[in-house]
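Student: got a predicted structure here, sequence first:
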Number of protein chains: 2
Amino acid sequence: MKRNTAPARGMRDLLPAQVELRDHCAAVIQRAYERFGYRRVETPAVEHIGLLTGSGGGENEKLIFRILKRGEKLDLEAGGGLDELVEFGLRYDLTVPLARFYAEHAAELPNPFRALQIGPVWRAERPQRGRYRQFTQCDIDILGEAGELAEVELIQATSAALSALGLTDFQVRLNDRRLLAALVRGCGFAEGALPEVFIAVDKLDKVGLEGVLEEVRGKGHPDGALRRLQDALAAALAPEAARGAPVPEGVALDAEGEAAAERLAAVRTLASPGLPPGVELLFDPTLVRGMGYYTGALFEVSVPGYPFSFAGGGRYDRMLGGLIGREVPACGFSIGFERVVLALEERGVQPEGRPSRVALLHAPELSAAVVVAAAGLLRAAGRAVATLPQRKKLARQLDELATQGFDGFVVLEPGRAPDVRSFQSA
Amino acid sequence: MKRNTAPARGMRDLLPAQVELRDHCAAVIQRAYERFGYRRVETPAVEHIGLLTGSGGGENEKLIFRILKRGEKLDLEAGGGLDELVEFGLRYDLTVPLARFYAEHAAELPNPFRALQIGPVWRAERPQRGRYRQFTQCDIDILGEAGELAEVELIQATSAALSALGLTDFQVRLNDRRLLAALVRGCGFAEGALPEVFIAVDKLDKVGLEGVLEEVRGKGHPDGALRRLQDALAAALAPEAARGAPVPEGVALDAEGEAAAERLAAVRTLASPGLPPGVELLFDPTLVRGMGYYTGALFEVSVPGYPFSFAGGGRYDRMLGGLIGREVPACGFSIGFERVVLALEERGVQPEGRPSRVALLHAPELSAAVVVAAAGLLRAAGRAVATLPQRKKLARQLDELATQGFDGFVVLEPGRAPDVRSFQSA
């Protein structure tokens, strides 16, 4: 009897062709990032539960896979409930572990430190199409650089990586959390209303301008605030606005907002000349990004034809302080690795530079010595060779091998001259 | 105040130089294996607890990190103890998940299927020097090939991989579980005593011949069995024995033992011509290997100067049947990835072919525009460039950068001609 052998719910197995494409993506990304001085680091999959639940992970903290204590530390009878049973959790992102990593190792690392991380994270979300409970994140972060050089290099490096993957003609949208705050304040909203307005503006893509206003309306905001917000958002959505200034003309900003606008304009001016062809840097004062920990610049990459972003990030200057005991400026940009892989899969991208894969089909009457020698010869000639017993129905076997990723085949049998044939030309 | 930021107990962070060496090892191994037709597959870190505890994992099953059920499935009050609380576990090896993977996907895979896996596994062992609770395994397996071709190719491929890493002059020791059984039976031990004698013989390396005999002695074994075991082991330990026959001359074998000896001799004859220079294939009738699931050939790689094996494996024809519902012959060889990395680290191996890493040190009075432009130029010239603020004590900064993995530096300041200097030549 066959047992249930599906992967755990919401998880997935990766077949050879999938792993190959993912490895290709990771290698291309890593090569691009290395040019910008990023080096890969790794942290364990498992972290103390206290770190994971005490680092501002918001909703993600509810999705932690929790790992039981072990041995005598695990006492079901002791009472105290669940928290008493749990010691570790699987990481739900790469940012919290990086903060811990940096706090632990800063003395051995260059300052600023440029980290590249490509690795799995786990979230116990309700499984759905294209969303998995184990998935790969791909982050770069600059820790210790307060200047706009961090933003500029993150934008250039991420653009170079996506471009090297063959994604071209994309837009990097830019905003600043402080600019958005100043804009909303400038419309006349009270300081306490900011988070609620941010949440509404964050849905602009999905619900449109009228939907955003609908959500904000009728909650006792000052007269005129709503109308001014409508004007500001409408101006921001005008096609020419994105290439002009960080906020549309006529939007009033306070001093903090003016400073943020000036800095953002500098980032765009500095980063633009180093971008790959077809990549454009645009201002988008409506860009919010959900995470509460952002303190300054915000980035997001949109590729025409896709309804989701391919990368996002921003500055988070206040996250590391709690772990290290001193403020450390930080800025990061994360590529949506799973989305990139999916897009490349849809485009039928084939990793290049690998050796040609040959199936060496051996007839049953051949001795193992002949098969081993033939395979050795082909390997010496630079082919990747898998030996397989020749089946009775050769045509069907060849069809299957072609779909299983072989590039060509040899039929090895007595009385037939061996010949390496390609499936492409066959 | 700085919080405790050490990794979870028994786990570790990997710094850039460590990740780079590990990536180098993995890439070299993967390239070598691809030549033999192996392709990488991946399974999730998390598996159903029932799969992990019901697959003959022996002692490893006690070391599983157990993951709590979630939501309403988690009911502390329901009684029933620990098992009722646990749904998943972290995998403790790559073999059990591979068996599940193959059972699930065999129809889409070539037959025989050659799998390469390089990935982390987790075991809650008591932490000690050089042993971690998350570590990387590196396995190749041939599933569906009953013939000795499987053994031959596994030996050739593993030897090629280790050799490509720069480990040379090593020995691959060969045995067969059935041969060992026949040898012990031939000495006069009862069938039921075999496991106990195997366990004693497994310690030969550590306790010597006298130690093994000591452990077996005085347990009511038939007259003469002990003396014959002593003679057989002594003969097997004679230096010339390893290159002669699978068992020393004069050792009596039953029919099953004779068949195993014949097959093992064929494996050595077939595999030897394809081995890299300096690699030798030796018979070792005392080779046991602990795992209970082995059914035939056994392999182990010893590198002179190291007190542990660098790779090990064997045939396990009866593991997959329980999952798939039909017998599937299987044979695997696993490289001790962590040991390989450690050995290469000790030898000071430097990954080759990466771009030269340059620290671009910029004076505070320089504009960001100048720094961005200079970095862009160096990148266009093929360097990997990290920009860093120049510190007051330049000599000390340069010393640190050299130890942090930079190959060279440029000091960028007004009035100084920029010049890329190498730390090597400095």
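Tutor: Great, that's in hand.
Student: from the stretch 1-150 of chain A, which residue is nearest to chain B?
Tutor: Relative to chain B, the nearest point of the stretch 1-150 of chain A is A:Gly37 (2.6 Å; Cβ to the nearest Cβ). For the C-beta atoms, the positions are set from N, CA and C on the backbone; glycine is no exception.
Student: so that residue touches B:Arg357, yeah?
Tutor: Yes. In this structure, A:Gly37 is within contact of B:Arg357 by Cβ atoms under 8 Å, at 7.2 Å.
Student: between these two, what contacts are shared?
Tutor: B:384, B:386 (Cβ atoms under 8 Å, 6 or more residues apart in numbering or on different chains).
Student: between the two, which one's more packed in?
Tutor: A:Gly37 (28 against 22; other Cβ atoms under 10 Å in any protein chain shown).
Student: list the contacts for that one?
Tutor: A:114, A:153, B:357, B:384-387.
Student: in strands, which of these appear?
Tutor: Among the contacts of A:Gly37, DSSP state E puts A:114, B:357, B:384-387 in strands.
Student: closest one of those residues to B:Ile64?
Tutor: Within the ones in strands among the contacts of A:Gly37, the smallest distance to B:Ile64 is 36.7 Å, found for A:Arg114 (Cβ to Cβ).
Student: touching, the closest one and A:Tyr38? I think so.
Tutor: Yes. Because the distance of 4.4 Å satisfies Cβ under 8 Å, A:Arg114 is recorded as touching A:Tyr38.
Student: identify the contacts common to the two.
Tutor: By the contact definition Cβ under 8 Å, 6+ apart, A:Arg114 and A:Tyr38 are jointly contacted by A:Ile140.
Student: could I get the contacts of A:Gly37 as CSV with pLDDT and distance to B:Gly274?
Tutor: Output for the contacts of A:Gly37, formatted as CSV (pLDDT from 0 to 100; distance: Cβ to Cβ, whole Å):
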residue, pLDDT, distance to B:Gly274
A:Arg114, 98, 44
A:Glu153, 97, 49
B:Arg357, 96, 38
B:Ala384, 97, 38
B:Val385, 97, 44
B:Ala386, 97, 44
B:Thr387, 97, 50
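Student: measure A:Tyr234 to A:Ala241 for me?
Tutor: That one is not Tyr; residue A:234 is Ala. With distances taken as Cβ to Cβ, to the nearest Å, A:Ala234 is found 10 Å from A:Ala241.
Student: okay, these two: which has more neighbours?
Tutor: A:Ala241 (20 against 12).
Student: pretty sure the more buried one is touching A:Gly250, no?
Tutor: No. With contact defined as Cβ under 8 Å, A:Ala241 does not reach A:Gly250; the gap is 10.9 Å.
Student: which neighbours do those two share?
Tutor: Taking Cβ under 8 Å, 6+ apart as the criterion, A:Ala241 and A:Gly250 both touch A:Ala235.
Student: what does the stretch 101-250 of chain A have sitting close to chain B?
Tutor: With Cβ under 8 Å from any Cβ of the partner chain as the criterion, the stretch 101-250 of chain A meets chain B at residues A:101, A:103-105, A:108-112, A:114, A:120, A:122, A:124, A:133-134, A:147-149, A:152-153, A:156.
Student: mind redoing it with 10 Å?
Tutor: A:101-117, A:119-120, A:122, A:124, A:126, A:132-134, A:142, A:144-153, A:156-157, A:160 (Cβ under 10 Å from any Cβ of the partner chain).
Student: what about the residues you listed, which are in strands?
Tutor: Those of those lying in strands (DSSP E): A:113-117, A:119-120, A:122, A:134, A:142.
Student: with neighbour count added, can I get those residues in a markdown table?
Tutor: A markdown table is the format used below for these (neighbours: other Cβ atoms under 10 Å in any protein chain shown):
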| residue | neighbour count |
| --- | --- |
| A:Phe113 | 27 |
| A:Arg114 | 26 |
| A:Ala115 | 23 |
| A:Leu116 | 23 |
| A:Gln117 | 24 |
| A:Gly119 | 19 |
| A:Pro120 | 19 |
| A:Trp122 | 25 |
| A:Gln134 | 21 |
| A:Ile142 | 28 |
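Student: which one's the longest helix in chain A?
Tutor: Assignment by DSSP state H gives helix A:16-35 as the longest helix of chain A.
Student: send me that helix as CSV with only the CA atoms.
Tutor: Only the C-alpha atoms of helix A:16-35 are listed here, as CSV (Å, rounded to 0.1, in the frame of the first residue of the first chain):
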residue,chain,number,x,y,z
PRO,A,16,15.3,19.2,-10.8
ALA,A,17,14.3,21.8,-13.4
GLN,A,18,12.8,24.0,-10.7
VAL,A,19,15.9,23.8,-8.6
GLU,A,20,18.0,24.6,-11.6
LEU,A,21,16.1,27.7,-12.5
ARG,A,22,16.1,28.9,-8.9
ASP,A,23,19.9,28.3,-8.6
HIS,A,24,20.3,30.2,-11.8
CYS,A,25,18.3,33.2,-10.4
ALA,A,26,20.2,33.1,-7.1
ALA,A,27,23.6,33.0,-8.9
VAL,A,28,22.8,35.9,-11.2
ILE,A,29,21.5,38.0,-8.3
GLN,A,30,24.4,37.2,-6.2
ARG,A,31,26.9,38.0,-8.9
ALA,A,32,25.2,41.4,-9.5
TYR,A,33,25.2,42.2,-5.8
GLU,A,34,28.8,41.2,-5.2
ARG,A,35,29.8,43.9,-7.7
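Student: what's the angle between it and helix B:16-34?
Tutor: 150 degrees (axes from the mean of the first three to the mean of the last three Cα atoms, to 10 degrees).
Student: show me how far the helix or strand just after helix A:16-35 is from its chain's centre.
Tutor: Next in sequence after helix A:16-35, counting helices and strands by DSSP states H and E, comes strand A:39-40. In terms of Cα atoms, centre = their mean, to the nearest Å, the centre of strand A:39-40 is set 16 Å apart from its chain centre.
Student: any idea how far A:Leu237 is from A:Gln230?
Tutor: 11 Å.
Student: need the residues touching each of those two.
Tutor: Common neighbours of A:Leu237 and A:Gln230, using Cβ atoms under 10 Å, 6 or more residues apart in numbering or on different chains, are A:Leu209.
Student: A:Glu400 and A:Leu361 touch, don't they?
Tutor: No. Between A:Glu400 and A:Leu361 there is no contact under Cβ atoms under 10 Å: 11.5 Å.
Student: what is in contact with the two at once?
Tutor: Residues touching both A:Glu400 and A:Leu361 (Cβ under 10 Å, 6+ apart) are A:Arg391.
Student: neighbour count for these two, which is higher?
Tutor: A:Leu361 (21 against 18).
Student: one step back: what residues are shared contacts of A:Ala234 and A:Ala241?
Tutor: Between them, A:Ala234 and A:Ala241 share these contacting residues under Cβ under 10 Å, 6+ apart: A:Pro248.
Student: model confidence over stretch A:20-31, on average?
Tutor: What stretch A:20-31 shows for mean pLDDT is 97.
Student: repeat for stretch A:309-320
Tutor: 95.
Student: beta partners for the nearest residue to A:Tyr294 once chain neighbours are set aside?
Tutor: Excluding the flanking residues, the one nearest A:Tyr294 by Cβ to Cβ, 6 or more residues apart in numbering or on different chains is A:Gly314, at 4.3 Å. Applying DSSP bridges to A:Gly314 yields these beta-bridge partners: A:Leu298, A:Gly332.
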